[in-house]
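K.L.:
Provided below are the primary sequence and the corresponding predicted coordinates.
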Amino acid sequence: MIALITATLSWGQDVFEKYEYDDSVSYFSISPKMFQMLAKLSIETNDPEADNFIRLVEEIKSFKVITTESKDISNDIQTWVDQHIKSQNLEELMRVREKGAHVNFYVKSSKKDDRVKKLLMFVTDINEDQIKLGDRRPETVLLYLSGDIDLTQISKLVNEMNLPGGQQLGKLNEN
Amino acid sequence: MKTKMKKLLIFAVTLTFLGCSKTQSIQEYYVAKSEDPNFLVIDIPTSFLGINNEVLNQEEQAALESFQKLNMLMFRKTAANEAQFPKELEKVREIIDGEGFDPLMVLSDRQFSGKLLLEGSIERPGEIVFFGAAADEGFLLARLIGSEMQVEKAVLLAKALEREGALDNAVEAVAKIL
């Protein structure tokens, strides 16, 4: 009985929550409930850029980022990504190599053209000062988004966060 | 057959019991820690805002009434209570990561972790909890408690409170306590 419960618990846990309290990990997430609540607040600004951002936010259901400098955790994240791609039938959108870092984008397409239901951005081998989060220099970054997402808007977000690959993601949609 | 039924019954009772104790435990933790000198407890009812109900329109009044109070529990880390810190941290995390609460936002780093949670439905939550911990400083557990809180009116309410200078009143009132 206990074994069964433990099994279900660890099965339901994704790689983000698994390392939430780990010291060699930075983790940030916004849950679907938060997005629903934000949508209800119907915040209005007079700034068109901010309004655009709010519209983007309203299309997102779930947002998670995990970064780590630990090799072991990086490997575990890699395993999770591989499994997730298979079990969720994600397609590879593109692969970018930027300043030594590997950036892979995987998506679950929506019926609408330039929209996706899920986006996984997996960055490995970051060995320069590309991303700085406080005093840390993460080696691996995994970003997970779900909802009804416009890829052009996402590229803006990725650029804003100073993550590699944002520009390419924007170009992809111009074609 | 009978023993099976009995087992099932015990299982059901345990589940019910667990279900109740989970929502209770954050309150129990508050009560228990209010006697611990390492903790600081502050209760701020929304009436503290010193808002005269007459200046608010009906919609604003109803929204304000749905938010009842703000409960804050602080643990300040010192050389003397350093050993207690990780234990308390673990206890709080156990409570808020339990089944009664849904996480809204999570930020977690080596130095700082913050978590915003909600109890109840998104439309009408009963409680909104913030837990922030800094590795060197201590932690803060804040609970905004209400009854069917009108979350969507928060912006409207904030505007009304600003109009009436309520924040100044609250700051003054808290300053008096401290």
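P.N.:
Sure, I can see it.

K.L.:
Show me what the residue nearest the centre of chain B is bridged to.
P.N.:
Nearest to the geometric centre of chain B sits B:Arg143, at 1.7 Å (C-alpha atoms, centre = their mean). Per DSSP bridges, the residues bridged to B:Arg143 are B:Asn71, B:Val129.

K.L.:
Tell me who's in contact with it.
P.N.:
The contact partners of B:Arg143, taken as C-beta atoms under 8 Å, 6 or more residues apart in numbering or on different chains, are B:26, B:30, B:70-72, B:127-130. (Glycine included, C-beta is placed from N, CA and C.)

K.L.:
and it, what pLDDT?
P.N.:
We have a pLDDT of 93 for B:Arg143.

K.L.:
got it, and A:Glu20?
P.N.:
Model confidence at A:Glu20 (pLDDT) stands at 90.

K.L.:
Please apply the same query to A:Trp80.
P.N.:
At A:Trp80, the pLDDT value in this model is 94.

K.L.:
and it, which of the three is it?
P.N.:
On the three-state scheme (DSSP: H, G, I helix; E, B strand; the rest coil), A:Trp80 is labelled helix.

K.L.:
Shouldn't A:Ile126 be within a strand?
P.N.:
No. A:Ile126 sits outside any strand when classified using three-state DSSP, being coil.

K.L.:
Three-state assignment for B:Ala79, please.
P.N.:
Of the three states, B:Ala79 takes coil under three-state DSSP.

K.L.:
now it: how far from B:Phe85?
P.N.:
For B:Ala79, the distance to B:Phe85 equals 11 Å [C-beta to C-beta, to the nearest Å].

K.L.:
Have a look at the two and say which one is more surrounded.
P.N.:
Using other C-beta atoms under 10 Å in any protein chain shown as the criterion, B:Ala79 and B:Phe85 rank with B:Phe85 on top: 20 against 5.

K.L.:
Please identify which helix or strand holds that one.
P.N.:
In the assignment (DSSP states H and E), B:Phe85 maps to helix B:84-96.

K.L.:
Is that helix positioned near chain A?
P.N.:
Yes. Using C-beta under 8 Å from any C-beta of the partner chain, we find that helix B:84-96 touches chain A at B:Arg93.

K.L.:
Counting by contacts, list what the helix or strand that that helix is followed by packs against.
P.N.:
Beyond helix B:84-96 on the C-terminal side, the first helix or strand identified by DSSP H and E is strand B:102-108. Packing partners of strand B:102-108 (3 or more C-beta pairs under 8 Å, 6 or more residues apart in numbering or on different chains; DSSP states H and E): strand A:25-30, helix A:32-41, strand B:112-120.

K.L.:
Strand partners (parallel or antiparallel) of the shortest one?
P.N.:
Looking back up the chat, that one is strand A:25-30. Here strand A:25-30 is paired, per DSSP bridges, with strand A:60-68 (antiparallel), strand B:102-108 (antiparallel).

K.L.:
How about the contacts made by the residue nearest the centre of chain A?
P.N.:
The centre of chain A sits closest to A:Leu143, judged by C-alpha atoms, centre = their mean, with a distance of 1.8 Å. A:Leu143 makes contacts with A:64-65, A:119-123, A:158, A:163, as judged by C-beta under 8 Å, 6+ apart.

K.L.:
cool, and B:Gln68?
P.N.:
B:45-46, B:145-147.

K.L.:
Closest to chain A out of the residues you listed?
P.N.:
Distances from chain A to those, taken as C-beta to the nearest C-beta, are shortest for B:Gly146 (14.4 Å).

K.L.:
How many neighbouring residues does that closest one have?
P.N.:
Using other C-beta under 10 Å, B:Gly146 is surrounded by 22 other residues.

K.L.:
same deal with B:Asn57?
P.N.:
10.

K.L.:
separation between the residue nearest to the centre of chain A and chain B?
P.N.:
Going from A:Leu143 to chain B by C-beta to the nearest C-beta, to the nearest Å gives 15 Å.

K.L.:
and that residue, that one's in a helix?
P.N.:
No. Counting by three-state DSSP, A:Leu143 is located in no helix; its state is strand.

K.L.:
and it, how far is that from B:Glu123?
P.N.:
Applying C-beta to C-beta, the value for A:Leu143 to B:Glu123 is 29 Å.

K.L.:
before we move on, what about B:Gly100?
P.N.:
For B:Gly100, the distance to B:Glu123 - C-beta to C-beta - is 17 Å.

K.L.:
Out of these two, name the residue with the larger neighbour count.
P.N.:
B:Gly100 (22 against 13).

K.L.:
I'd say the more buried one and B:Glu119 touch.
P.N.:
Yes. Between B:Gly100 and B:Glu119 there is a contact under C-beta atoms under 8 Å: 5.6 Å.

K.L.:
Distance of A:Val57 relative to chain B?
P.N.:
A:Val57 sits 12 Å away from chain B when distances are taken as C-beta to the nearest C-beta.

K.L.:
Who are the packing partners of whichever strand or helix holds that residue?
P.N.:
Per DSSP H and E, A:Val57 falls inside helix A:48-59. Helix A:48-59 is packed against helix A:32-41, strand A:140-150, helix A:151-160, with contacts defined by 3+ C-beta pairs under 8 Å, 6+ apart.
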